[in-house]
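**Student:** Got a sequence here, can you build the structure:
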Amino acid sequence: MATLAYRRILLKLSGEALMGDEDYGIDPKVIQRLAAEIIEAQAAGAEIALVIGGGNIFRGAGLAAGGMDRVTGDQMGMLATVINALAMQDALEKLGAKVRVMSALKINDVCEDYIRRRAIRHLEKGRITIFAAGTGNPFFTTDSGAALRAIEIGADLLLKATKVDGVYDSDPKKNPDATRYERLTYDEVIGRDLQVMDTAAFALARDSDLPLRIFDMEQPGQLLRILKGEPIGTLVQGRG
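**Tutor:** Okay, the predicted model is just below:
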């Protein structure tokens, strides 16, 4: 058992993170690697909850931009997150973990309903808990869902896994001189329009004094190193 700086965390993964080099869907090698990292962190003593986006399958806002009714598009996106949650559950269970998927939409034949007290009990019992279907409401992203669930379960830290190693003042893939921030306040993130998560998610986390760390999970071992207190990526907390 390692000495951890954070005991209960919520890890937000994008749906696109599951694609790997594919154009669509789930790359089995990628989800297996992510599952192994999550289990390694849990074995060190962490209680881990997950929220996974659905952008590798459907994205409600994109469907709405193409002419579909926004509510219908968002509902399809919520169902896509359930598919990803079940895929991650399978990958984790194949490695010996105990996992529960809890959905904000009622889909009792494939997963549990989300109930806050039951979710906390699962975490206390050593079960990795995956929250699917966002908040259950249209017009809210899975980023907002992740912030909300993290607050509800009393997480010590919200983690956002991205494809870059933190928050930059401009796109590091387009600007080689982009500067990475080590620390920011929520007010700074909102004021500078640093669009790592949506504003509603930032506001929820800020108002509940929930720290957020943005990091690159494509680098092996990053998750466990963060739990041990290493200053990886960008930490966002507090007010300006």
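
**Student:** So, low pLDDT: which residues of this protein?
**Tutor:** Scanning the chain for pLDDT under 70 picks out 1-2, 60, 240.

**Student:** Mind jotting down where the helices sit in it?
**Tutor:** Taking DSSP state H to define them, one finds helices in the chain at 28-43, 60-65, 70-94, 116-124, 142-152, 186-191, 199-207, 222-227.

**Student:** what's the most buried one of those?
**Tutor:** helix 142-152 (a mean of 25; mean count of other Cβ atoms under 10 Å). (C-beta placed from N, C-alpha, C; glycine too.)

**Student:** mind checking how far stretch 99-116 is from the chain centre?
**Tutor:** Distance of stretch 99-116 from its chain centroid, counting by Cα atoms, centre = their mean, to the nearest Å, is 17 Å.

**Student:** that older thread, how about the helices of the chain, which one is nearest F131?
**Tutor:** helix 142-152 (4.8 Å; Cβ to Cβ).

**Student:** Just want the angle from the closest one to helix 70-94.
**Tutor:** 60 degrees (axes from the mean of the first three to the mean of the last three Cα atoms, to 10 degrees).

**Student:** can you redo the helices of the chain as a markdown table with distance to L18?
**Tutor:** A markdown table is the format used below for the helices of the chain (distance: least, Cβ to Cβ, whole Å):
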| stretch | distance to L18 |
| --- | --- |
| helix 28-43 | 6 |
| helix 60-65 | 17 |
| helix 70-94 | 6 |
| helix 116-124 | 22 |
| helix 142-152 | 13 |
| helix 186-191 | 26 |
| helix 199-207 | 20 |
| helix 222-227 | 16 |
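
**Student:** Which one of the ones you listed lies nearest to M19?
**Tutor:** Taking the helices of the chain one by one with Cβ to Cβ, helix 28-43 is closest: 7.2 Å.

**Student:** what residues does the closest one touch?
**Tutor:** Applying Cβ atoms under 8 Å, 6 or more residues apart in numbering, the contact partners of helix 28-43 are 9, 11, 13, 17-20, 48, 50, 87-88, 91-92, 94-97, 126, 128, 217, 220-224, 227.

**Student:** do that again at 6 Å, thanks
**Tutor:** L18, G20, I48, A91, L92, L95, A97, L223, L224, L227 (Cβ atoms under 6 Å, 6 or more residues apart in numbering).

**Student:** now for these, which pair is the farthest apart?
**Tutor:** G20 and L227 (24.3 Å).

**Student:** Name the residues of stretch 162-169 that are buried.
**Tutor:** For stretch 162-169, burial by neighbour count (16 or more other Cβ atoms under 10 Å) applies to T162, V164, D165, G166, V167, Y168.

**Student:** Now do the contacts for the fifth one.
**Tutor:** Read that as V167. Y181, L194, V196, I214, T234 are the contacts of V167 under Cβ under 6 Å, 6+ apart.

**Student:** again, but for the last one
**Tutor:** Contacts for Y168 were tallied using Cβ under 6 Å, 6+ apart; they are A178, R180.

**Student:** Report the beta-bridge partner residues of it.
**Tutor:** R180 (DSSP bridges).

**Student:** how close does it get to L212?
**Tutor:** Per Cβ to Cβ, to the nearest Å, Y168 is found 16 Å from L212.

**Student:** before we move on, the earlier item: can you add distance to I39 and give the contacts of helix 28-43 back as TSV?
**Tutor:** Below are those laid out as TSV (distance: Cβ to Cβ, whole Å):
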residue	distance to I39
L18	17
G20	19
I48	9
A91	10
L92	7
L95	5
A97	5
L223	10
L224	10
L227	13
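
**Student:** just curious, which of those residues is nearest to L4?
**Tutor:** Using Cβ to Cβ, these come closest to L4 at L227, 4.9 Å.

**Student:** For the closest one, list the residues it contacts.
**Tutor:** Counted by Cβ under 6 Å, 6+ apart, L227 has contacts L4, Y6, A41, A46.
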